[in-house]
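Peer 1: Here's a sequence, model it:
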Amino acid sequence: MIFGAALSLGRKGLMQGASLMQRRMLVSLEVPSKDKAHGWLLTWMEEQARRGRELPQLTGVQSLMDIVGVRRGRGGAAGQDDLPPPVRIHSRDLAVQTTLPSASTSQAQQQAMTISGQPLAPSSNSPGTSRNTKAQFSLVPGPGTHWFRYHGAWIRLQRERNGKLIDFTTGAPWETLTLTTLFSSRDVFPRLLAEAQQMAVQSIEGKTIIYTAWGVEWRAFGQPRKVRELDSVVLSAGQRSRIEEDVKSFLGRGAWYARRGIPYRRGYLLHGSPGSGKTSIIQALAGALDLNICLLNLSERGLTDDKLNHLLSLAPERSILLLEDIDAAFPSRSASEAEEPKKEYQTSVTFSGLLNALDGVASGESRIVMMTTNHVERLDPALIRPGRVDLIEELGDADEGMVQELFERFYGTLHGEGAASAASQATGTGVVAVDGQPGNAEPTRRASHDVSSEEMLTLTARLTKAVEIVSQLRRRELNLDPSGPTVTARKSRTKAAPLPAKRGGMSMAELQGLFIRYPSDPRGAVE
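Peer 2: You can find the predicted model right below:
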């Protein structure tokens, strides 16, 4: 009995001593799946495994040297000497990650090249290859214990999942990453997190992230989008640069707003007929100014005034808050029941809640809010008053200058600034790159089908005239003045409110669709 008691006391003492030694000699870092660094570390581990598979197989001696921490220079492809060697993660518990190529193969390749720094091998998939064969499988450390050596320090990685707790927004189980190393090597944690963050930033560099609301937080939706060139959006003369300069001016005047005690936020309203380029100019602006887009649907089920205020206050930095078709969510309070559009589902967000979220006491700052609508006459004046909407731009239908610019982008130059590539347009992207720099006087080049410069001028004039005639006929059918602007008296208003100018004519989206049908045949597009 005495021997058993002594053995129990000795065992308890050993456990307490080991626990005390562990607390004194080791340091742990816990990264829950709720934290952004969790995704960075998983991406970092996946990248290390991928790069390790691409390197030549290590010999037994090299593996032994890797384990004891001795590194040898490894030869590789040109330009790979500057890259650090991949970290070898010793793991017995693996998990598979299956990825499918996105709709834009070039976009996926560009992202992979940015991460790895290596040119990709030519794809061997033929047009008739099954979609299932294009799936890519990656083996990454799964739930369990893993070891790796980072900058001379051994780190134990424990990946744990709680099967009873589930993130209802994504359906994924809650997960925790725990990194443990010697207390004397604790400085490797910030270095590891910084490297993982840098890798994540490089993978989205030159792309636009689209965020959507998941509950009370913003989450990235899909893959980052390739930046759209601002020049690819054709608007009326001076309108594109006017919007761009206004946003640039706002972004650089934070201190100016603070000194004058003005809330640092700005609102924009873009209105016009469908297909006039409202969403396109916002997407192009975000890419040109290195901004992201937060897309918010006010008609989403479960969205309340409190959640809306919370979302607008905690939007990601350098983002544009986009509220599309704002007229569909909140019709004018002065409109009659006959004028008010019927909706099958009534949103839980009140009009007062939206106004308070935009510029109320609890509203956030350092943000840009852009709203779009096809029917500006339906909007309540309280929503678009100065302070909530600071700049209102009307994106009208195609006019003479817009038709000429779009025709020139698709089929060739008229003024010697470079030729449009018909081959690029044949890919169906809808965006044509223009060769040459502004101001370089290059000889006029012919478009496809050997169309001369004189014939190009004739085709442009014919197309411009045809668009003008079609627009006038459509406006007559809508009882609009053929010249464009008109006014209508609305009920419960003391003054007449102007309808959008040039509404009802031919939109730029219609013209672009026509040109896409004839990517290299300007005659066919005009005739």
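Peer 1: Mean pLDDT per helix and strand in the protein: which one sits at the bottom?
Peer 2: helix 422-425 (a mean of 38; mean pLDDT, DSSP states H and E).
Peer 1: and P32, backbone torsions?
Peer 2: Backbone geometry at P32, expressed as degrees, to the nearest 10, gives phi -80, psi 160.
Peer 1: go on, E300?
Peer 2: Torsion angles, degrees, to the nearest 10, at E300: phi -70, psi 140.
Peer 1: Could you number the chain from 10 rather than 1 from now on?
Peer 2: Done: numbering now begins at 10, and the last item shifts to E309.
Peer 1: Ignoring the adjacent residues along the chain, who's closest to it?
Peer 2: Closest residue in space to E309, ignoring its immediate chain neighbours: A222 at 7.0 Å, by C-beta to C-beta, 6 or more residues apart in numbering. From N, CA and C alone the C-beta is placed, and that goes for glycine too.
Peer 1: which residues does the one you found form a beta bridge with?
Peer 2: Using DSSP bridges, the beta-bridge partners of A222 come out as W227.
Peer 1: and it, how many neighbours does it have?
Peer 2: 23 (other C-beta atoms under 10 Å).
Peer 1: and if you look at D334?
Peer 2: Neighbours around D334, by other C-beta under 10 Å: 16.
Peer 1: now do V460
Peer 2: Using other C-beta under 10 Å: V460 sits among 17 other residues.
Peer 1: Give me the spatial nearest neighbour of it, chain neighbours excluded.
Peer 2: Nearest to V460 is P531, by C-beta to C-beta, 6+ apart, at 5.8 Å.
Peer 1: Next up, phi/psi of that neighbour, please.
Peer 2: The phi/psi pair for P531 (degrees, to the nearest 10) is phi -60, psi -30.
Peer 1: Would you confirm that it contacts M465?
Peer 2: Yes. Contact criterion C-beta atoms under 8 Å: P531 and M465 qualify, at 6.9 Å.
Peer 1: From the neighbour counts alone, determine which of the two ranks first.
Peer 2: More crowded of P531 and M465, by other C-beta under 10 Å: P531, with 24 against 20.
Peer 1: what's in contact with the strand ranked longest in the chain?
Peer 2: In the chain, ranked by residue count with DSSP state E as the criterion, the top strand is strand 162-175. When contacts are defined by C-beta atoms under 8 Å, 6 or more residues apart in numbering, strand 162-175 is touched by residues 98, 102, 150-158, 181-191, 194, 197, 201.
Peer 1: what element comes up after it heading to the C-terminus?
Peer 2: Toward the C-terminus, strand 162-175 is succeeded by strand 182-191 as the next helix or strand (DSSP states H and E).
Peer 1: List the buried residues in the following helix or strand past that next one.
Peer 2: Next along the chain after strand 182-191, taking DSSP H and E as the criterion, comes helix 197-212. The neighbour-count check on helix 197-212 (16 or more other C-beta atoms under 10 Å) flags V197, F198, L201, L202, E204, A205, Q206, M208, A209, S212 as buried.
Peer 1: same deal with stretch 365-384?
Peer 2: Applying 16+ other C-beta under 10 Å to stretch 365-384 flags 365-367, 372-373, 376-384 as buried.
Peer 1: Just name the closest of those residues to R237, please.
Peer 2: M379 (15.4 Å; C-beta to C-beta).
Peer 1: what sits against the closest one?
Peer 2: Counting by C-beta under 8 Å, 6+ apart, M379 has contacts G276, Y277, L278, L279, I291, I329, L330, L331, L332.
Peer 1: Okay, and it sits in which element?
Peer 2: strand 376-382.
Peer 1: returning to what we had before: among the contacts of M379, which are in helices?
Peer 2: I291 (DSSP state H).
Peer 1: Nearest to M24 among the contacts of M379?
Peer 2: L330 (54.8 Å).
Peer 1: The closest one: neighbour count?
Peer 2: 24.
Peer 1: what's the answer for V236, then?
Peer 2: Using other C-beta under 10 Å, V236 has 16 other residues around it.
Peer 1: so it sits right up against E214, yeah?
Peer 2: No. Distance between V236 and E214: 9.9 Å, which falls outside the contact criterion (C-beta under 8 Å).
Peer 1: Hmm, T359 is touching L317, no?
Peer 2: No. Applying C-beta under 8 Å as the test, T359 and L317 come out as separate, 9.4 Å apart.
Peer 1: Look at the two and report which has more neighbours.
Peer 2: L317 (23 against 13).
Peer 1: any idea how far that one lies from I525?
Peer 2: 38 Å (C-beta to C-beta, to the nearest Å).
Peer 1: Please apply the same query to E386.
Peer 2: In terms of C-beta to C-beta, E386 sits 32 Å off from I525.
Peer 1: the strands in the stretch 260-409 of the chain, which residues?
Peer 2: Ranges of strands within the stretch 260-409 of the chain are 274-280, 301-304, 328-332, 376-382, 400-403, based on DSSP state E, counting those that start in this stretch.
Peer 1: Turn those strands into CSV, columns for distance to K21 and mean pLDDT.
Peer 2: Shown next, in CSV, are the strands of the stretch 260-409 of the chain (distance: least, C-beta to C-beta, whole Å; pLDDT from 0 to 100):
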stretch, distance to K21, mean pLDDT
strand 274-280, 62, 93
strand 301-304, 55, 93
strand 328-332, 56, 93
strand 376-382, 58, 92
strand 400-403, 73, 92
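Peer 1: Could you point out which of these sits nearest E56?
Peer 2: strand 301-304 (22.7 Å).
Peer 1: in its sheet, what does that closest one sit against?
Peer 2: strand 219-223 (parallel), strand 328-332 (parallel).
Peer 1: Dump the strands of the stretch 260-409 of the chain to JSON lines, plus distance to E55.
Peer 2: Converted to JSON lines, these look like this (distance: least, C-beta to C-beta, whole Å):
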{"stretch": "strand 274-280", "distance to E55": "38"}
{"stretch": "strand 301-304", "distance to E55": "23"}
{"stretch": "strand 328-332", "distance to E55": "27"}
{"stretch": "strand 376-382", "distance to E55": "33"}
{"stretch": "strand 400-403", "distance to E55": "43"}
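Peer 1: These: which one's closest to S250?
Peer 2: Closest among the strands of the stretch 260-409 of the chain, using C-beta to C-beta: strand 400-403, at 11.8 Å.
Peer 1: Run through who's touching the closest one.
Peer 2: 248, 251-252, 255, 275-281, 385, 393, 509-510.
Peer 1: Recalculate using a threshold of 10 Å.
Peer 2: 244-245, 248-249, 251-252, 255-256, 259, 275-282, 285, 287, 290, 379-380, 385, 393, 395, 494, 507, 509-512 (C-beta atoms under 10 Å, 6 or more residues apart in numbering).
Peer 1: what ranges of the stretch 110-259 of the chain fall below the confidence cut-off?
Peer 2: 110-143, 172-180 (pLDDT under 70).
Peer 1: Domain map for this structure?
Peer 2: Split into domains by automatic domain parsing, the chain comes to 33-64+96-125+144-214, 234-403, 409-535.
Peer 1: With distance to F12 added, can I get those domains in CSV?
Peer 2: As requested, those are exported to CSV (distance: least, C-beta to C-beta, whole Å):
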stretch, distance to F12
domain 33-64+96-125+144-214, 31
domain 234-403, 63
domain 409-535, 82
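Peer 1: the helices in the stretch 260-409 of the chain, which residues?
Peer 2: 263-268, 287-297, 314-322, 335-338, 360-368, 409-420 (DSSP state H, counting those that start in this stretch).
Peer 1: Would you mark the buried spots in the longest one?
Peer 2: This points to helix 409-420. E409, M411, V412, Q413, E414, L415, F416, E417, R418, F419, Y420.
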